[in-house]
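Student: would you be able to build a 3D model of this:
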Amino acid sequence: MKNAELLLEEQFDELVASLQKVISFNTEKGQTTENAPFGANVRACLDYTLKLAESIGLSTYDCDGYAGHADFTGTGDEVLGILGHLDVVPSKAEEWLYPPYSGEIHDGKLYGRGTMDDKGPMFACLFAVKALKDAGFVPSKTIRLIFGCDEESGMQCVEHYFTKMPYPTVSFSPDGDFPVINREKGIYQFDVVCGKLPKGVTITAGERANVVPSLCTLTSSSELNLGEWENDITREKTAKGYKYTTLGKSAHGSTPDEGLNATHAMLKMLAANFPDNGTLRFLAEKVIDTSGKSWGIDLCDKESGKLTCNLGVLRTAGDGTLTATVDIRFPVTYRCDDMYALLRKNTPEQFEVRPWHISEPLFVPSDSKLVTTLMNVYNEVMQAKLEPIAIGGGTYSRCLPNCVAFGPLFPDEEQTIHMPNECIDLNNLKLMAKLYLKAIYELAK
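Tutor: Here you go, the predicted structure:
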């Protein structure tokens with residue numbers, strides 16, 4: 001073990017250089033071509049990664065371009081899975097200090113899309129495995145690094161991969177927070193097809209269910225009374241009437257109170273102007289409550305806390321019908337069927353509830369061998385006394401049994417995942433690689 005730690009230290013510059021190379025691949029989801037279901041760039045990145053794994057003595061498998069794995073074969077039949085992804089969310093280069101696919105280093109930080117989510121952590125794991133192998137470690141389990149290619153856009157990668165390959169015996173995903181995430185709330189994303197808006201009114205907001213909308217736009221053929229919201233809403237006279245705008249602050253839909261939802265003030269103002277409109281009354285009185293209490297869906301448990309509710313998208317159809325897209329994260333001791341029943345019970349009968357992306361919660365007991373092993377590793381290395389945590393977000397961990405998220409974000413570390421100027425602190429990269437080496441050793445010895 002000590003030899004492996006020394007080798008990892010010696011190979012750190014190689015890790016950084018390899019990470020810079022893999023960052024150079026723009027792995028935003030692209031056009032499907034033969035053997036490249038998520039685009040040519042993602043295909044090229046997977047090829048590079050598997051070739052690098054082969055060069056350090058691992059055996060590899062390409063699963064039709066959806067995913068791939070690299071194996072350090074053990075003496076027994078069990079498999080330790082390490083599951084991460086090579087694809088990334090889109091970037092707008094003009095919002096970055098440094099080009100998002102250049103892998104530049106400034107002030108001890110490596111910048112680039114994917115440095116934290118999830119290329120950096122997966123390459124830290126890859127080089128941890130390399131150090132163990134070079135040190136002569138003989139694992140009892142096969143150590144399998146699984147590289148997915150579509151985590152950010154629906155996880156078709158692992159769905160396809162696990163039709164071809166069995167689930168590992170035990171796994172972790174370096175795609176969350178330290179110390180250990182063993183509870184992930186259920187995800188319930190759905191449309192509520194409401195009634196019609198008042199004649200001459202249209203409203204638009206948001207692009208994705210899991211993002212707090214920062215802009216809401218309303219057009220009206222007649223002038224509306226802004227009332228107590230006149231400081232929150234701008235009004236502009238147009239050729240066809242009036243345009244109203246509210247600005248907010250984006251945040252992840254799983255933590256809606258960290259943002260400012262631009263729809264809230266607009267819907268309250270509209271409901272005040274049209275008190276007899278059932279659609280507006282329902283949205284303004286029920287749906288905009290981020291706790292779900294006003295809607296009658298405020299579930300809670302001691303294992304993961306309270307439900308959260310994000311009104312992510314508003315769209316007005318040509319006939320004036322308003323559809324609201326909502327993202328709910330519900331506690332781990334409930335199921336998707338419970339969520340639907342509660343929504344149906346507390347939503348007006350004439351409004352449709354149309355689920356389109358749902359995922360059951362993840363709940364791996366805190367006293368399981370997997371969780372206790374990872375917690376012991378983290379607390380020993382970091383000289384801490386932390387406990388496992390719960391989140392509202394979703395990771396690969398919920399896609400297979402006996403899997404939890406383990407890093408890469410340290411407690412109190414600045415969050416840059418999915419943001420402009422995503423970066424990884426090189427000291428933290430070295431530290432997480434050490435944590436992954438020790439965790440892999442303990443789980444596979």
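Student: what's the offset of the host helix or strand of Met122 from the middle of its chain?
Tutor: Element membership for Met122 (DSSP states H and E) is helix 119-134. With CA atoms, centre = their mean, to the nearest Å as the basis, helix 119-134 stands 23 Å off its chain's centre.
Student: what's the following helix or strand after it?
Tutor: Past helix 119-134, the next helix or strand by DSSP H and E is strand 142-148.
Student: outside of that next one, which residues touch it?
Tutor: With CB atoms under 8 Å, 6 or more residues apart in numbering as the test, strand 142-148 has contacts from 46, 49-50, 53, 58, 66-74, 76, 78-87, 122, 125-126, 129, 132, 155, 157-158, 161, 168, 396, 440, 444. All C-beta atoms are positioned from the backbone trio N, CA, C, and that covers glycine.
Student: mind giving me the PyMOL select for those residues, buried ones only?
Tutor: Here is the PyMOL command that selects the buried residues among the contacts of strand 142-148 (16 or more other CB atoms under 10 Å):
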select buried, resi 46+49+50+53+58+66+67+68+69+70+71+72+74+79+80+81+82+83+84+85+86+87+122+125+126+129+132+155+157+158+161+168+396+440+444
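Student: which members of the contacts of strand 142-148 occur in strands, if any?
Tutor: 67-72, 79-85 (DSSP state E).
Student: the residues you listed: which two are farthest apart?
Tutor: Greatest spatial distance among the ones in strands among the contacts of strand 142-148 (CB to CB): Phe72 and His85, at 19.8 Å.
Student: Glu258: what's it in contact with?
Tutor: Glu258 makes contacts with Val212, Ala251, His252, as judged by CB under 8 Å, 6+ apart.
Student: what does the pLDDT read for it?
Tutor: As summarised for this prediction, Glu258 has a pLDDT of 88.
Student: what's the distance between it and His252?
Tutor: For Glu258, the distance to His252 equals 7 Å [CB to CB, to the nearest Å].
Student: okay, and the common contacts of the two?
Tutor: Going by CB under 8 Å, 6+ apart, residues that sit against Glu258 and also against His252 are Val212.
Student: show me where the stretch 251-400 of the chain has its helices.
Tutor: Secondary structure of the stretch 251-400 of the chain by DSSP state H, counting those that start in this stretch: the helices cover 262-273, 278-282, 336-346, 369-382.
Student: output the below-cut-off pLDDT ranges for the chain.
Tutor: The model of the chain has no residue with pLDDT under 70.
Student: still on that earlier bit, and the helix holding Met122, what other elements does it pack with?
Tutor: Applying 3 or more CB pairs under 8 Å, 6 or more residues apart in numbering; DSSP states H and E, one finds that helix 119-134 contacts helix 2-10, helix 12-23, helix 40-55, strand 67-72, strand 79-85, strand 142-148, strand 408-409, helix 426-444.
Student: need the ones in strands among the contacts of strand 142-148 in a markdown table (columns: distance to Leu110).
Tutor: Shown next, in a markdown table, are the ones in strands among the contacts of strand 142-148 (distance: CB to CB, whole Å):
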| residue | distance to Leu110 |
| --- | --- |
| Ala67 | 25 |
| Gly68 | 24 |
| His69 | 25 |
| Ala70 | 22 |
| Asp71 | 28 |
| Phe72 | 26 |
| Val79 | 31 |
| Leu80 | 27 |
| Gly81 | 26 |
| Ile82 | 21 |
| Leu83 | 23 |
| Gly84 | 17 |
| His85 | 18 |
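Student: specify which member of those is nearest to Gly200.
Tutor: His85 (46.3 Å).
Student: so what's the nearest residue to that closest one once chain neighbours are set aside up against?
Tutor: Of all residues not flanking His85 in the chain, Glu151 sits nearest, at 3.6 Å (CB to CB, 6 or more residues apart in numbering). With contact set as CB under 8 Å, 6+ apart, Glu151 has these partners: Gly84, His85, Asp87, Asp118, Cys157, Val158, Asp175, Tyr396.
Student: out of these, who's nearest Ala239?
Tutor: For the contacts of Glu151, the nearest to Ala239 is Asp87 (43.9 Å; CB to CB).
Student: measure the residue of the chain positioned farthest from its centre to Thr219 for me?
Tutor: Relative to the centre of the chain, the most outlying C-alpha is that of Ala239, 42.3 Å out, by CA atoms, centre = their mean. The gap separating Ala239 from Thr219 is 11 Å, by CB to CB.
Student: before we move on, what about Leu311?
Tutor: Taking CB to CB, one finds Leu311 at 19 Å from Thr219.
Student: neighbour count for these two, which is higher?
Tutor: Comparing Leu311 with Thr219 by other CB atoms under 10 Å, the one with more neighbours is Leu311, at 28 against 17.
Student: so that one makes contact with Asp289?
Tutor: No - applying CB atoms under 8 Å as the test, Leu311 and Asp289 come out as separate, 9.5 Å apart.
Student: what is the burial count for the closest residue to Phe363 other than its chain neighbours?
Tutor: In space, Phe363 comes closest to Val332 once its chain neighbours are excluded; the distance is 4.3 Å by CB to CB, 6+ apart. Residues lying near Val332 (other CB under 10 Å) number 20.
Student: look up how far Asp301 lies from Val332.
Tutor: 7 Å.
Student: do Leu426 as well
Tutor: Where Asp301 is concerned, Leu426 sits at a distance of 39 Å (CB to CB).
Student: now swap in Leu197 and tell me
Tutor: 37 Å.
Student: cool, and Asp118?
Tutor: Using CB to CB, we find Asp118 at a distance of 29 Å from Asp301.
Student: looking at those two, which is more packed in?
Tutor: Comparing Asp118 with Asp301 by other CB under 10 Å, the one with more neighbours is Asp118, at 27 against 18.
Student: phi first, then psi, for the more buried one.
Tutor: phi -140, psi 20 (degrees, to the nearest 10).
Student: enumerate every residue touching it.
Tutor: Gly84, His85, Leu86, Glu151, Pro174, Asp175, Pro408.
Student: would you turn those residues into CSV with distance to Gly112?
Tutor: Conversion of these to CSV gives the following (distance: CB to CB, whole Å):
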residue, distance to Gly112
Gly84, 16
His85, 15
Leu86, 13
Glu151, 17
Pro174, 17
Asp175, 16
Pro408, 14
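Student: and those residues, which is closest to Met269?
Tutor: Distances from Met269 to the contacts of Asp118, taken by CB to CB, are shortest for Glu151, at 38.8 Å.
Student: look up phi and psi at the closest one.
Tutor: According to degrees, to the nearest 10, Glu151 has phi -70, psi -40.
Student: and it, how far is that from Asp425?
Tutor: Taken as CB to CB, the span from Glu151 to Asp425 is 23 Å.
Student: buried residues in stretch 352-359?
Tutor: Ile358, Ser359.
Student: give me the distance between the nearest residue to Ile288 once chain neighbours are set aside and Leu197.
Tutor: Counting by CB to CB, 6+ apart, Ile288 lies nearest to His264, which is 4.8 Å off, once chain neighbours are set aside. His264 is 17 Å from Leu197, where distance means CB to CB.
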